[in-house]
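Visitor: I'll drop the sequence and a predicted model, then ask my questions.
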Amino acid sequence: MIAVDPSRTALLVMDMQKEVVPMLGDKGPAFFERTAGVIAAARKAQWQVLYVVVGFRPGYPELKAGTAMHERVSKMGGFVAPEVVAQLKPEPGDPVIVKKRVSAFMGSDLDVVLRAKGIDTLVLTGISTSGVVLSTVRYAGDLDFKLFVVRDCCADPDEEVHRVLMDKLFARQTTVVTAADITG
């Protein structure tokens, strides 16, 4: 287990929702098993577990028509009733943060919830590494959170992008760990 103050630590389970998980392809079952193990270990260690999903109103009024984000979301469909995949479902009392942009912080109340709970350390999991994980690392770093990224509980459709982010970029601003570092 990584050395953190459990009362000040939160595990973020980001964008593990039905609209996003198809990008995992055949890697989904092993990915979900590892992530479920990290969630269980976080609960046992008494970390706060928070879920972050991307969600919009019908017709996506939060997105400016013609932007790359609007085009991508409209093409993918869904995102109106965001639902975490069954393998990683939140437990009663777990905050579910709904965001409107790529970063877990942008267009959400995540920072308010974290500050209210006295959280200063974040452990990040998510799909995709080049999307929600990267954007959240950069934003959370600017907010002075202590950061850990769980390498094998993050995924990206481009394996090389995932590797470069983990080995080159995240190593500058976070501590990159594995699921085994958390589950023991």
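Guide: Yep, it's here. Numbers count the residues shown, from 1 in each chain.
Visitor: Quick one: the strands in this protein, in order.
Guide: Counting by DSSP state E, the segments of the chain that form strands are 9-14, 48-54, 96-99, 121-127, 146-155, 175-177.
Visitor: will you turn those into CSV that also has mean neighbour count and mean pLDDT?
Guide: (C-beta placed from N, C-alpha, C; glycine too.) As requested, the strands of the chain are arranged in CSV below (neighbours: other Cβ atoms under 10 Å; pLDDT from 0 to 100):
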stretch, mean neighbour count, mean pLDDT
strand 9-14, 25, 98
strand 48-54, 24, 97
strand 96-99, 19, 96
strand 121-127, 26, 98
strand 146-155, 22, 98
strand 175-177, 16, 98
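Visitor: Give me the helix or strand of the protein that scores worst on average pLDDT.
Guide: helix 68-76 (a mean of 83; mean pLDDT, DSSP states H and E).
Visitor: That one packs against which elements?
Guide: Helices and strands in packing contact with helix 68-76 are not found; criterion 3 or more Cβ pairs under 8 Å, 6 or more residues apart in numbering; DSSP states H and E.
Visitor: which parts of it are buried?
Guide: Val73 (16 or more other Cβ atoms under 10 Å).
Visitor: So what touches it?
Guide: Outside helix 68-76, the residues that touch it by Cβ atoms under 8 Å, 6 or more residues apart in numbering are 19, 56, 60, 63-64, 79, 101-102.
Visitor: Touching, Ala42 and Val4? I think so.
Guide: No: under the criterion of Cβ atoms under 8 Å, Ala42 makes no contact with Val4, lying 10.1 Å away.
Visitor: Please name whichever of the strands of the chain is nearest to Val38.
Guide: Between Val38 and those, the tightest spacing by Cβ to Cβ is seen for strand 146-155, at 5.5 Å.
Visitor: partners of that closest one, with directions?
Guide: According to DSSP bridges, strand 146-155 forms sheet pairs with strand 121-127 (parallel), strand 175-177 (parallel).
Visitor: With distance to Met166 added, can I get those strands in a markdown table?
Guide: As requested, these are exported to a markdown table (distance: least, Cβ to Cβ, whole Å):
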| stretch | distance to Met166 |
| --- | --- |
| strand 121-127 | 11 |
| strand 175-177 | 5 |
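Visitor: Indicate which one of the ones you listed is closest to Val164.
Guide: By Cβ to Cβ (comparing all of the strands paired with strand 146-155), the closest turns out to be strand 175-177, at 12.1 Å.
Visitor: Many thanks, we can stop here.
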